[in-house]
Structure formats: structure tokens, C-alpha cells
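Chemist: Have a look at this prediction, sequence included:
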Amino acid sequence: MKNTFRILFSLLLVTSFTSCEPEEGTIYDVLDFGKGAILRTISVDNAILNSSQPSSAFIVTIEEQDEQDGGLMESVDIYVTLRDLTPDNGTSVAADKYVKTYDASEFTTGPLGLPRATLSASYGEAFAATGLSAADIQPGDLFVVELRLNLTDGRTFGKSSAAGIITGGFFSSPFAYNALITCSPQPGVYTVEMHDSYGDGWQTDDGNGGSGIKVDIDGTIVEVGMCSPYGAAAGTFAGGPDCVAGDYYDATDTVTIPNGTESATWTFPGDNYGEISFEVYGPGGEELYVGAQGETPAGLLPITLCAM
């Protein structure tokens with residue numbers, strides 16, 4: 001299956017602050033103005049769901065705050081919506097499907113004195129909620145995982161009620177997250193054909209060469225890429241393993257995925273000057289991904305070939 005879409009994952013960095021004068025500052029302005037509540041993202045602990053393993057889960061740690069510093073929280077619901085990004089098998093629709101509820105009693109008091117918890121939704125739970133068949137959901141699709149905060153006074157807050165001021169920055173309260181659907185990969189030797197239109201090797205995340213494509217194979221990182229004559233050390237990435245020189249226009253490298261591998265995710269470091277292109281082929285020569293020149297953003301690559 002050839003995937004032609006591009007995925008950009010973003011990581012949210014959350015910092016905390018203290019105030020000399022309680023109930024002053026932007027957070028109280030937001031809560032007082034709308035009499036609302038937020039679910040602050042502390043960390044997204046996993047956003048990759050393996051369809052070959054129903055127990056693999058989206059995991060996020062959140063902190064709730066309302067006008068009574070958590071006193072109004074009743075529960076948090078998890079909903080999923082399928083984003084079908086693999087049209088080869090038709091377009092599947094499943095929107096706003098209820099998965100599960102976390103009661104306020106399942107939260108503990110965090111370091112800021114507010115309710116905090118780690119929530120999860122497994123692939124099996126999300127899949128069952130959609131009511132779709134296995135053929136309707138393919139690796140490369142996304143689950144949009146939405147959290148909906150229910151208060152004891154009957155109000156509910158979710159992504160539709162989140163203003164821009166709370167979805168990013170300190171508040172980091174988007175209420176919704178993308179979870180990429182993958183599968184356990186077919187073992188074998190994968191081939192990466194690499195090109196640079198200018199003929200001076202790859203300038204990825206650094207103008208003097210940079211990193212290669214990283215493949216995370218059950219926690220072991222393999223890195224492949226084309227060398228640059230500007231690199232700090234000939235034959236190496238900026239801080240990693242051997243690269244392939246070729247003629248600085250074209251080069252070929254391989255990635256071996258062993259038998260029994262549960263997960264393999266591919267990450268592209270970026271393209272500093274818009275000169276890079278590449279193709280990835282499976283063990284049987286299957287074209288799995290085409291990164292057109294200057295069109296592949298940094299981030300996860302939708303490269304999947306499921307084990308039989």
C-alpha cells in the first residue's frame with residue numbers, strides 16, 4: 001500500500017510558574033472571564049497505536065483546573081474520531097465515538113495542588129468504539145483522541161469550547177490529540193534510495209550535514225542518510241553512525257528489521273534547503289513511501305508494511 005500523505009507530529013512542552021499573589025495572572029483571567037475549566041497537557045506519553053497489538057495505547061498525563069481549583073470536576077470522557085488517510089481501501093467514517101470515562105476519584109493531587117492523572121485508550125478500545133471492521137482501518141490512518149471534561153454543575157468542556165488562548169503555550173489544553181495507527185512490521189531488508197538535487201549530500205537538520213532518517217525498531221535506533229562533504233567528520237552524521245556518501249547526488253542504504261519486531265517507526269529530520277528526495281522499498285521491492293524533493297516535513301513518516 002502506497003501512502004502519499006504527510007504527518008507532522010508536534011510535542012508540547014509545558015512549564016509551570018508560581019505567583020506571589022494568588023488568583024492573579026492569565027489563568028485566573030481566563031477562568032473568571034468564561035467561568036470555564038481546562039485540562040492542561042503535562043505530557044503525551046505515547047501517540048502511536050499498533051493495530052497488531054490491541055493493548056497498545058494512547059497515553060496522556062493531564063491536570064485539571066477550574067474556578068474552584070479542581071473542586072468542580074466530575075469526570076473526563078474519552079472520544080475518538082477516525083481520520084481516514086488511506087483512500088486505497090475506501091473512505092471510512094467514524095466520528096465522536098465514546099470510548100470510556102475517568103471519574104474524578106481516579107485523579108490524584110499534583111505538585112500544583114490540582115487534580116492530575118494519566119489517561120489511556122488502547123487500540124482495541126478505540127477500534128471497538130468505531131463499530132468498523134478491521135478492513136476499514138489501515139496503518140497510516142489517525143485516531144483523533146478527544147477529552148471532554150464534565151463538571152458537577154452539568155457543564156462539559158472539549159475541543160469545541162477551547163479558545164486559542166488555552167490550546168497552546170502555558171495552558172497547553174487542546175482537549176484533542178492525534179494518534180497514528182501502525183502495525184507490527186514485516187521483517188526483512190528495507191531499501192532507502194536517497195537523492196540530493198544540488199549534489200552536495202544531505203543537509204537535513206543542519207546546514208553542514210545533519211542527521212539521517214531514524215528508524216526506531218523496538219527501542220533500538222538505526223540511522224540512514226546521505227553523507228555531506230561539509231560534515232564535521234567524513235563518513236558520519238553530525239552525531240551518529242555511518243552515513244553513505246555515494247556521489248553526493250544519489251546513494252543507497254538499507255535497514256534490516258528482525259523477525260519478531262513489534263514496532264518500527266521512521267522519522268525524517270527535515271530538509272534545510274529543499275534539495276532532498278528519497279524512496280523507501282520493502283523486502284519484496286514494494287514501494288512504501290516517496291519523499292518528493294522539498295516536500296517532506298520533519299517528523300514521522302507513514303511507512304508501514306504489516307507482518308502477515
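Modeler: Okay, I see it. Numbering: from 1, shown residues only.
Chemist: Any regions of this structure where pLDDT drops low?
Modeler: 1-35, 162-173, 231-241 (pLDDT under 70).
Chemist: Swap in 50 and give it another go.
Modeler: Along the chain, segments meeting pLDDT under 50 span 1-33, 164-171, 234-235, 238-240.
Chemist: quick check: domain ranges of it?
Modeler: According to automatic domain parsing, the chain comprises the domains 26-182, 188-301.
Chemist: Now find how far off-centre the longest one is within its chain.
Modeler: Right, domain 26-182. Distance of domain 26-182 from its chain centroid, counting by CA atoms, centre = their mean, to the nearest Å, is 14 Å.
Chemist: same check, this time on stretch 215-229
Modeler: Worked out by CA atoms, centre = their mean, stretch 215-229 lies 19 Å from the chain centre.
Chemist: Where does Gly154 sit: helix, strand or coil?
Modeler: Here Gly154 is recorded as coil under DSSP: H, G, I helix; E, B strand; the rest coil.
Chemist: Next one: it relative to Ser52, how far apart?
Modeler: Remark: distance between Gly154 and Ser52 (CB to CB, to the nearest Å) = 41 Å. The C-beta positions use only the backbone N, C-alpha and C, and glycine is treated the same way.
Chemist: These two: which has the busier surroundings?
Modeler: Per other CB atoms under 10 Å, whichever of Gly154 and Ser52 has more neighbours is Ser52, with 15 against 7.
Chemist: I'd say that one and Cys306 touch.
Modeler: Yes - using CB atoms under 8 Å, Ser52 is in contact with Cys306, at 6.7 Å.
Chemist: Verify the contact between Ile221 and Lys214 for me.
Modeler: Yes - between Ile221 and Lys214 there is a contact under CB under 8 Å: 5.4 Å.
Chemist: Can you give me the end-to-end span of stretch 91-111?
Modeler: From its first residue to its last, stretch 91-111 covers 45 Å (CA to CA, to the nearest Å).
Chemist: whoops, stretch 275-285 was the one
Modeler: With CA to CA as the measure, stretch 275-285 spans 25 Å from end to end.
Chemist: and if you look at stretch 185-199?
Modeler: Taking CA to CA, the first and last residues of stretch 185-199 lie 33 Å apart.
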